[in-house]
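Engineer: starting from these lines, generate the structure:
(2 chains)
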Amino acid sequence: MAANPMTQFEVYRIGPEIKINQIDISFTNASLFMIISALSILLIFNLGSSKKNIIPTKIQLLAELSYSFISKMISDTAGNKGKPYFNLIFSLFMFVLFCNMFGMLPYSFTVTSHIIVTFFLAALIFIGVTVIGFIKHGFGYLKLFVPSGVPLVLLPLIVVIEIISYLSRPISLSVRLFANMMAGHTMMKVFGSFVISLGIVGGWLPLSFSVALTGLEILVAFLQAYVFAILTCIYLNDALNLHH
Amino acid sequence: MLKKIIFFNLLFSTFITQISKSAESGGMPQLNPEFWISQIFWLIISFGVLFIVLSKFILPKIRNNIELRKSEILDNIETAEKQKTEAENTLKNYDELIRKSKNEAKNYFNDARKKIIEDIEKKKQILDKEINIEISKAEAEVAELVNKAPEKIQKIAIETSSDLIRQLIGEEVNNSSISAIVDDLYKKNKGRYYGN
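Structural biologist: All right, here's what the predicted structure looks like:
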């Protein structure tokens, strides 16, 4: 197991095989870490919101700072119209952040390093944003693909490019997160196995790389969650305020 | 230098073997669709529960807390400002009180001074009067004495001169002729003895 840097991404069953109509929905290590992340978010924010001190305790401060952080992010990118979607974006950000961060623990599993998970979240956002756009603007939402001030000759080309870029949003959103997490964890695994294979004599250099990478990966874990959330806000902004 | 080359060679070769091993075992487990449905299923459950609990129970509480704090802070600022203006008013009143009492004290002092000066004036006048009376009395006495003095002196002069003459010549001289001479001398030298 230690030799192959990709084994850390393997999904395996925990407990019995559960099947509904020939579809396998067994509880796996991925499910375990999703549930751990969700529960720890709930635990932390429940602790942070149960007290009503005027001068906040540390955990209360954490909860309130994250609240105002996301709130500011939404109002900066999507304006006041984005307020109703606060709960969803907050949950998304926290879920991605906690899954990324739990992935940093040794012997843990990184939920967000699986394309299917990130793609499902991105598709959810994509479909949601598209539905919101059509509800708010009707067929006028299609104007999104027709930027104003473009010469008529170029218009067919631009429309095609816009449509492609719009449709590639869920792919770029999901692949960005998935590739970042996978690449980082693979690198860390590779350098970790270098430490083992080079032993006490030569292992210090890869070990120092490993330490530096851990710091970098924690940064990336936060940054990717932030990017995921802020891109959601930007897509939402496109749907809410039709600028083109 | 040789050590370095060997070291990096070793590093590089292990890296290559790692990559080749991972390639041998069939690449990324992420692309194995065996557990895709299971992952989506558990993602929906965990994220759904997270979303519902956060948006129904936890986030409204945090929002309330933040708003409560904001309003309480505003209230506190308001009361603080009220108390500040009150304190300023009290200070003003206090200053005025002090100013008034200072004025009063000044007035009292001035009154007292005036009274004392008046008293002193009165007493001085009375004293002056008394002194003047005394002085005039004394002056009168002096004047009397001065007036009487020449007669006495003349008498003494006549007696002494008659005595002197008697002693000198051993004969009685007529008193009236002596007094005529003394009178004459006195009249001549009057200014010299009593005048200024």
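Engineer: and the pLDDT for residue A:138?
Structural biologist: pLDDT recorded at residue A:138 is 84.
Engineer: now swap in residue B:90 and tell me
Structural biologist: 95.
Engineer: tell me how far it lies from residue B:98.
Structural biologist: 13 Å (CB to CB, to the nearest Å). C-beta coordinates here come from the backbone N, C-alpha and C atoms, glycine included.
Engineer: pretty sure residue A:15 is touching residue A:29, no?
Structural biologist: No. The pair residue A:15 and residue A:29 does not pass the contact test of CB atoms under 8 Å, sitting 10.8 Å apart.
Engineer: more neighbours: these two, which one.
Structural biologist: Of the pair residue A:15 and residue A:29, residue A:29 is the one with more neighbours under other CB atoms under 10 Å in any protein chain shown, namely 16 against 10.
Engineer: now for the closest residue in space to residue A:186 that isn't next to it in sequence, how many residues are close by?
Structural biologist: Distances taken as CB to CB, 6 or more residues apart in numbering or on different chains place residue A:5 nearest to residue A:186, at 4.7 Å, with adjacent residues excluded. Neighbours of residue A:5 under the rule other CB under 10 Å: 21.
Engineer: let's verify residue A:5: helix, strand, or coil?
Structural biologist: coil (DSSP: H, G, I helix; E, B strand; the rest coil).
Engineer: next, it: phi, psi?
Structural biologist: Taking degrees, to the nearest 10, you get phi -70, psi -10 for the backbone angles of residue A:5.
Engineer: doesn't residue A:190 make contact with it?
Structural biologist: Yes. Counting by CB under 8 Å, residue A:5 touches residue A:190, with 5.0 Å between them.
Engineer: I'd say residue A:92 and residue A:231 touch.
Structural biologist: No. Using CB under 8 Å, residue A:92 makes no contact with residue A:231, being 10.4 Å away.
Engineer: okay, the two: which has more neighbours?
Structural biologist: Between residue A:92 and residue A:231, counted using other CB under 10 Å, the more crowded position is residue A:92 (22 against 18).
Engineer: quick check, pLDDT for that one.
Structural biologist: For residue A:92, pLDDT reads 93.
Engineer: what's the first helix or strand after the helix or strand harbouring it?
Structural biologist: Element membership for residue A:92, per DSSP states H and E: helix A:86-102. The C-terminal neighbour of helix A:86-102 among helices and strands, as given by DSSP H and E, is helix A:115-137.
Engineer: please state the offset of that next one from the chain centre?
Structural biologist: 14 Å (CA atoms, centre = their mean, to the nearest Å).
Engineer: hey, C-alpha coordinates of that helix in CSV?
Structural biologist: Extracted in CSV, the C-alpha atoms of helix A:115-137 (Å, rounded to 0.1, in the frame of the first residue of the first chain):
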residue,chain,number,x,y,z
ILE,A,115,-14.3,13.4,-9.5
ILE,A,116,-17.7,11.9,-9.1
VAL,A,117,-18.3,13.8,-5.8
THR,A,118,-17.0,17.2,-7.1
PHE,A,119,-18.8,16.7,-10.4
PHE,A,120,-22.1,15.9,-8.6
LEU,A,121,-21.8,19.1,-6.5
ALA,A,122,-20.8,21.2,-9.5
ALA,A,123,-23.7,19.7,-11.6
LEU,A,124,-26.0,20.5,-8.7
ILE,A,125,-24.8,24.1,-8.8
PHE,A,126,-25.0,24.3,-12.6
ILE,A,127,-28.5,23.0,-12.8
GLY,A,128,-29.6,25.1,-9.8
VAL,A,129,-28.1,28.3,-11.3
THR,A,130,-29.6,27.6,-14.7
VAL,A,131,-33.1,26.9,-13.2
ILE,A,132,-32.8,30.2,-11.2
GLY,A,133,-31.8,32.1,-14.3
PHE,A,134,-34.8,30.8,-16.3
ILE,A,135,-37.2,31.5,-13.4
LYS,A,136,-35.9,35.0,-12.9
HIS,A,137,-35.6,36.1,-16.5
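Engineer: many thanks, have a good one.
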